[in-house]
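[1] Build me a model:
(one chain, ligands or ions: 2)
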Amino acid sequence: MATLSEGASGLGIIADGAVVMRDGVILYAGPRADMPSEFTSGAEVIDLGGRLVTPALIDCHTHIVFGGNRAKEFEMRLEGATYEDIARAGGGIVSSVTATRALSVDQLAEAALPRLDHLLAEGVSTVEVKSGYGLSIEAELNMLRAARKLATLRPVRIITSYLAAHATPADYKGRNGDYITEVVLPGLEMAHAEGLVDAVDGFCEGIAFSTAEIARVFDKAKALDLPVKLHAEQLSNLGGAKLAASYGALSADHLEYLDDDGAKAMAAAGTVAVLLPGAFYALNEKQKPPVTALREAGVPIAIATDCNPGTSPLTSLLLTMNMSATLFGLTVEECLVGATRQAARALGLLGSTGTLEVGKSADLAIWDAQTPAELVYRIGFNPLHARYFTGKRIDR
Ligand SMILES: O=C(O)CC[C@@H]1NC(=O)NC1=O
Ligand SMILES: [Fe+3]
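    Ligands and ions are numbered 1, 2, ... in the order given. Purely as a prediction, here's the structure:
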């Protein structure tokens, strides 16, 4: 069993471990021999046959709610077009907007289910879902309503992020300021009033929003007492990570162009670095995130699929772990910690999930494997035996 608890060395490996859960909460996680006697009588004992047990996985950065697909742009990129070429030519995020606005809340939820099921089949129990393909008040709210609906359709914890500051829609082209004033900010207030928002996100990039424009959105989030996170330094360095850290952001995500200054600001603020190898791979990027600088600065590192129709049509957190190791140089331990404990931290959920510790939600993954390395080294193979979500067993 790997508890992933913060205080333990490494992954908190316990050779002959046991977990006691009641009413969906962990009451004990430790050596079977040391289990308090109060738990031995009357409990239902489930022998897992010596399989590896870890906390359930957490995908802390996804855009799984959207309409349509962008396979055509994939072909354009194979012919040499860059992501920025496509965005400036009216493709990219904006082209997913038309397909997304055309769907109802139920249709958006239905469209996301196959992507969600792929994640859950690999032992994921918590998924963060962003808006950002509606780019109008009603369409952004519909995306978040669909995200909330997913938690009623599957045994999963859904955490939502408001990402209207993802791109400027065609009718506001060249008028970012007006778009923020007339759509992003009033939409955030309405979404918050409807209980649809757990965090506020933005895309700080030359083809999206400046730090000053993102600051307007973050000021509103702060006024509503909502945590923030930011797509930062993906294609260039605008100082997005530093801005996010100045707002005490839960996370800054992508970070291929992060500099030492930004890493130090993140470390000081406790902002998690969420690395997204799927987008790096799909865009055939060359600039890798500064993992050594993040380690030296003491920035917690999480990893996620960034599942989205444009730059990361990836629905496998296991493959994300493999890519994080092979492409970004993370260790096996960093990959597993990045998809559990640090992913929980990036969502503000470390108090309730992400490790196997007393008082936390009984969210576990049971693997047909003996060592954590077996979860990271395989490419396209799923060794999940079963998972537990709030103490309820879900077989593959
Ligand atoms: O192209 C898309 O549909 C989303 C791209 C995704 N969003 C973002 O801010 N960066 C990304 O890679
Ligand atoms: Fe993203």
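[2] Need the distance between the two termini of stretch 29-47.
    Taking Cα to Cα, to the nearest Å, stretch 29-47 runs 15 Å from one end to the other.
[3] quick one: contacts of that stretch?
    1, 3, 14-20, 27-28, 356-358, 393 (Cβ atoms under 8 Å, 6 or more residues apart in numbering). Yep, even glycine has a C-beta here, placed from its N, CA and C like the rest.
[4] which bits of the chain sit near ligand 1?
    92-93, 96, 166, 203, 231, 234, 279, 308-311 (Cβ under 6 Å from any ligand atom).
[5] So which of those are in strands?
    Among those, the members falling in strands (DSSP state E) are 203, 231.
[6] Tell me the one of the residues of the chain next to ligand 1 nearest residue 337?
    residue 279 (20.9 Å; Cβ to Cβ).
[7] burial of that closest one, as a residue count?
    25 (other Cβ atoms under 10 Å).
[8] Excluding sequence neighbours, find me the nearest residue to residue 98.
    Residue nearest to residue 98 in three dimensions, not counting chain neighbours: residue 68, with 7.6 Å by Cβ to Cβ, 6 or more residues apart in numbering.
[9] who's in contact with the one you found?
    If you count contacts by Cβ under 8 Å, 6+ apart, then residue 68 has 96, 98-100, 309 around it.
[10] Secondary structure element holding it?
    Assessed by DSSP states H and E, residue 68 sits outside every helix and strand.
[11] Per-residue pLDDT of it, please?
    With respect to pLDDT, residue 68 scores 95.
[12] same deal with the one 5 residues further on?
    The predicted structure scores residue 73 at 92 on the pLDDT scale.
[13] quick one: buried residues of the helix or strand hosting it?
    For residue 73, the enclosing helix or strand under DSSP H and E is helix 71-78. Residues 73, 76-77 are the ones in helix 71-78 that count as buried (16 or more other Cβ atoms under 10 Å).
[14] do the same with stretch 76-95
    76-77, 83, 86-87, 91-95.
[15] repeat for stretch 186-199
    Result for stretch 186-199 [16+ other Cβ under 10 Å]: buried residues 187-188, 191-192, 196-199.
[16] Same list (those) but as TSV, adding secondary structure and pLDDT.
    TSV is the format used below for the buried residues of stretch 186-199 (DSSP: H, G, I helix; E, B strand; the rest coil; pLDDT from 0 to 100):
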residue	secondary structure	pLDDT
187	helix	98
188	helix	98
191	helix	98
192	helix	98
196	coil	98
197	coil	98
198	coil	98
199	strand	99
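[17] Which one of those residues is nearest to ligand 1?
    residue 199 (14.8 Å; Cβ to the nearest ligand atom).
[18] And the most far-flung residue of the chain relative to its centre, how far from residue 358?
    Here the centre of the chain is the reference, and by Cα atoms, centre = their mean the most remote residue is residue 41, at 39.5 Å. Look at residue 41 and residue 358: by Cβ to Cβ, to the nearest Å, they are 19 Å apart.
[19] and what of residue 211?
    In terms of Cβ to Cβ, residue 211 sits 42 Å off from residue 358.
[20] And residue 65, by the same measure?
    Distance from residue 65 to residue 358, by Cβ to Cβ: 34 Å.
[21] returning to that earlier point: from the contact counts, what lies against the helix holding residue 73?
    helix 83-88 (3 or more Cβ pairs under 8 Å, 6 or more residues apart in numbering; DSSP states H and E).
[22] same for the helix it packs on, what does it pack against?
    Partner elements for helix 83-88 (3+ Cβ pairs under 8 Å, 6+ apart): helix 71-78.
[23] redo that, cut-off 10 Å
    When contacts are defined as 3 or more Cβ pairs under 10 Å, 6 or more residues apart in numbering; DSSP states H and E, helix 83-88 sits against helix 71-78, helix 93-101.
[24] now these as a markdown table including distance to residue 379?
    As requested, these are exported to a markdown table (distance: least, Cβ to Cβ, whole Å):
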| stretch | distance to residue 379 |
| --- | --- |
| helix 71-78 | 20 |
| helix 93-101 | 28 |
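[25] So for residue 249, which of those helices sits nearest?
    Closest approach to residue 249 among the helices and strands packed on helix 83-88 (Cβ to Cβ): helix 93-101, 21.1 Å.
[26] so where's the stretch 251-396 of the chain uncertain?
    Scanning the stretch 251-396 of the chain for pLDDT under 70 picks out nothing.
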